[in-house]
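S.K.: The following comprises the amino acid sequence and a computationally predicted model.
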Amino acid sequence: MLRTWRHSQPWGRWMVPGQLALAGAAGWLGWRVLDSRPDPALPLAAMLTLWTAAVFLATAWRNRIFGETRLRMEARNTVDPLTGLSTPLIFFDRVGTVRNLIRRYGHPSVLLLVHIENLPALAAEFGPEVAESAVLVSANRIRQALRDGDAAARVSHSRIAILAEGMSLAEGSANLASRILVAGLKEPLPAAPTEFLKFRIVLAAVPLGDISPKVLLQRLFSRMDEQLANPSERHILALTAEELLA
């Protein structure tokens with residue numbers, strides 16, 4: 001307890017009176033054994049009661065703090081702290097699971113990479129705080145455009161990856177990607193009432209090879225970088241599984 005005193009608050013303070021009461025009860029009992037007079041039980045009972053109560057409170061408080069710490073650590077590994085979306089680790093695991101389902105049942109799935117195109121302009125004109133709030137607004141609007149079974153993860157400062165299970169490439173391009181673009185232009189930003197969110201999307205059918213989900217996402221990143229290097233009016237680029245692996 002002495003070694004961990006600085007890290008054991010506030011429950012550590014409850015242990016001190018408890019241990020002192022236990023030491024007092026032990027000393028009292030030892031002294032009364034040597035004394036031939038009748039032993040009044042009230043002081044002993046009071047000290048033991050104090051010891052029991054203090055140890056119970058300290059243990060309950062400690063378990064609560066440790067439980068909250070464990071939940072925060074688990075949440076940090078599974079949930080992005082800014083957007084509330086999944087972390088890349090959880091997203092990659094989900095992609096691997098979906099690919100096994102594709103092999104078994106043959107139903108298609110789609111990977112999307114959404115890039116928030118005007119973040120640098122927002123940061124330059126309104127400041128980094130507005131740009132940071134735009135990331136949160138983007139995550140919320142993308143989440144609202146997804147179905148219940150879809151997964152989304154923030155994979156970089158300005159990019160969000162999406163897995164749409166059971167969706168073809170054509171449906172993903174015409175339906176889901178279009179909904180995301182409209183969600184960005186639906187309302188201006190709360191922190192910048194004259195500005196809207198501008199998204200650029202690259203999507204591809206999930207391929208069946210042994211290529212890892214992380215490498216698949218890197219391929220989408222490369223295609224997105226190509227689109228940004230030579231921007232066009234098309235804000236949605238759809239790739240087949242073969243084109244993604246090429």
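M.R.: Right, received. Where do you want to start? Nothing here was measured: the structure is a model prediction, and the numbers come from that model.
S.K.: I'd like the next helix or strand past the lengthiest helix in the chain.
M.R.: Within the chain, and with DSSP state H defining each element, the longest helix by residue count is helix 41-78. Next helix or strand after helix 41-78 toward the C-terminus (DSSP states H and E): helix 88-105.
S.K.: starting at the chain centroid, how far to that next one?
M.R.: 19 Å (Cα atoms, centre = their mean, to the nearest Å).
S.K.: rewinding a little: helix 88-105 and the longest helix of the chain, what's the angle between them?
M.R.: Using axes from the mean of the first three to the mean of the last three Cα atoms, to 10 degrees, the inter-axis angle of helix 41-78 relative to helix 88-105 is 60 degrees.
S.K.: Check which residues of helix 41-78 are buried.
M.R.: By neighbour count with 16 or more other Cβ atoms under 10 Å, helix 41-78 contains the buried residues 44, 47-48, 50-51, 54-55, 57-58, 61-62. Where C-beta positions appear, they are placed from N, C-alpha and C, glycine not excepted.
S.K.: Quick one: list the elements packing against it.
M.R.: Using 3 or more Cβ pairs under 8 Å, 6 or more residues apart in numbering; DSSP states H and E as the contact test, the elements touching helix 41-78 are helix 11-34, helix 88-105.
S.K.: Can you tell me the SS state at His157?
M.R.: coil (DSSP: H, G, I helix; E, B strand; the rest coil).
S.K.: For it, the count of nearby residues, please.
M.R.: Close neighbours of His157, defined as other Cβ atoms under 10 Å, add up to 11.
S.K.: quick one: contacts for the residue nearest the centre of the chain?
M.R.: Geometric centre of the chain, nearest residue: Val79, 0.6 Å, by Cα atoms, centre = their mean. Residues counted as contacts of Val79 (Cβ atoms under 8 Å, 6 or more residues apart in numbering) are 85-87.
S.K.: Can you name the residues bridging to it?
M.R.: Ser86 (DSSP bridges).
S.K.: Quick check, pLDDT for it.
M.R.: On the pLDDT scale, Val79 is placed at 82.
S.K.: Sheet-wise, list the partners of the host helix or strand of Val114 with their directions.
M.R.: Assigned by DSSP H and E, Val114 belongs to strand 109-116. The pairing partners recorded for strand 109-116 under DSSP bridges are strand 159-165 (antiparallel), strand 199-205 (antiparallel).
S.K.: How about Thr240: what's its closest non-neighbour residue?
M.R.: Nearest residue to Thr240 in three dimensions, chain neighbours excluded: Ala205, at 5.9 Å (Cβ to Cβ, 6 or more residues apart in numbering).
S.K.: Quick one: residues contacting that neighbour.
M.R.: 108-111, 168-169, 239-241, 244.
S.K.: Provide a ChimeraX selection command restricted to the buried entries of those residues.
M.R.: For the buried members of those, the matching ChimeraX selection, counting by 16+ other Cβ under 10 Å, is:
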select :108,109,110,111,169,239,241,244
